[in-house]
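[1] Sequence first, then the predicted structure, then my questions.
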Amino acid sequence: MSILQFDNVSKIYTSGDHELRALDHVSFTLDEGRFVVILGPSGAGKSTLLNLLGGLDSPTEGTITVSGADISKLSDNELADYRASTVGFVFQFYNLIPKLTVYENVKLVSEISKNALDAKEMIGKVGLLDHLNNFPSELSGGEQQRISIARALCKNPKILLCDEPTGALDSETGVMVLKLLLDMAKNYNKTIVIVTHNQNIAKMADVVIRVKNGKIRSIEEQENPLSADEVEW
């Protein structure tokens, strides 16, 4: 079942007489429960695409439909509601609140999401129940990333957006994080969208969208994607 559609979407930034077309007439459709990788070099338009999907920005042209609703013309307050209820975010750097414990960092999202899941349960999903009372500074980088994923999942989002989620991790920890994200797509019917320049992560995807110079160069459906253990890192 389709959850997301970009229809002829462009994003144009202007500065004086200069115009930068960060996205140029982009169209694609994604289904629920898919593990999607958006691949491309720096400056290709990947992050702009993610920002539009996440309701952090609005398109200059075209429409973005999520679960049948057009989000492309929402007001700032409506976009805030959309971000709270529909999407979760996982960034390369973890954005945990230093003065809150692991449990408090994850539990915090229940204040903005009406359908939040149990914080302790989500921390258990990422294998860190024994760190409930630790502060972020007491965790390794991989542990902090897993907590940021638990926090994003605690919102119970339909779509989880990940911007280079393994970029600051060693390969072993990166594989652990990717296994967790794959599990969320396959067993919890979450649509996982990862923006990266890492070709290896693309080998694991159900769908690979290649972006260059603000345009989609290809959309590839992979019938038998590799598992994280099968990829040579």
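    Yes, it's here.

[2] In stretch 68-86, which residues are buried?
    Within stretch 68-86, the residues that count as buried by 16 or more other CB atoms under 10 Å are Ile71, Ser72, Leu74, Leu79, Tyr82, Arg83, Ala84, Thr86. (Each C-beta comes from the backbone N, C-alpha and C, glycine too.)

[3] What segments of the protein are helices?
    Taking DSSP state H as the test, the helices found in the chain are 46-53, 76-85, 102-107, 119-125, 141-154, 171-188, 199-202.

[4] now for those helices, which one comes closest to Pro59?
    Between Pro59 and the helices of the chain, the shortest gap by CB to CB is with helix 46-53, which sits at 5.7 Å.

[5] follow-up on the earlier one: just name the closest of the buried residues of stretch 68-86 to Gln145, please.
    Arg83 (20.5 Å).

[6] Might one say that the closest one is in contact with Gly54?
    Yes - using CB atoms under 8 Å, Arg83 is in contact with Gly54, at 6.5 Å.

[7] hmm, who's touching the lowest-mean-pLDDT helix or strand in the chain?
    Across the helices and strands of the chain, mean confidence by mean pLDDT, DSSP states H and E is lowest for helix 171-188: a mean of 85. If you take CB atoms under 8 Å, 6 or more residues apart in numbering as the criterion, helix 171-188 is touched by 33-35, 125-126, 140-142, 145-146, 149, 153, 160, 162, 165-166, 169, 190-192, 194, 201, 204, 206, 227-229, 231, 233.

[8] run the last query once more with 7 Å
    The contact list for helix 171-188 (CB atoms under 7 Å, 6 or more residues apart in numbering) reads 33-35, 126, 141-142, 145-146, 149, 153, 160, 162, 165-166, 169, 190, 192, 201, 204, 228, 233.

[9] cool, stretch 95-108 as well?
    119-120, 122-123, 128, 131-137, 144, 147-148, 150-151, 154.

[10] Check stretch 81-90 too.
    With CB under 7 Å, 6+ apart as the test, stretch 81-90 has contacts from 54-55, 66, 71, 74, 112-114, 148-149, 152-153, 155, 157-162, 165.

[11] May I have the residues that are in contact with Leu128?
    Counting by CB under 7 Å, 6+ apart, Leu128 touches Val102, Glu143, Arg146, Ile147.

[12] what's the third one in contact with, if anything?
    Under the criterion of CB under 7 Å, 6+ apart, the contact list for Arg146 reads Val126, Gly127, Leu128, Val177, Leu180.

[13] per-residue confidence at it?
    The model reports Arg146 with a pLDDT of 90.

[14] From Asp183, how far out is it?
    According to CB to CB, to the nearest Å, Arg146 and Asp183 sit 12 Å apart.

[15] of all the buried residues of stretch 68-86, which two lie farthest apart?
    Greatest spatial distance among these (CB to CB): Ser72 and Ala84, at 18.1 Å.

[16] where do the strands sit along the protein?
    Remark: strands assigned in the chain by DSSP state E are 2-15, 18-31, 35-39, 61-66, 69-70, 87-91, 159-163, 191-196, 207-212, 215-221.

[17] Report the angle between the first one and strand 191-196.
    What that stands for is strand 2-15. Here the directions of strand 2-15 and strand 191-196 differ by 40 degrees (axes from the mean of the first three to the mean of the last three CA atoms, to 10 degrees).

[18] Also the second one?
    Strand 18-31 and strand 191-196 are oriented at 140 degrees to each other (the same axes, to 10 degrees).
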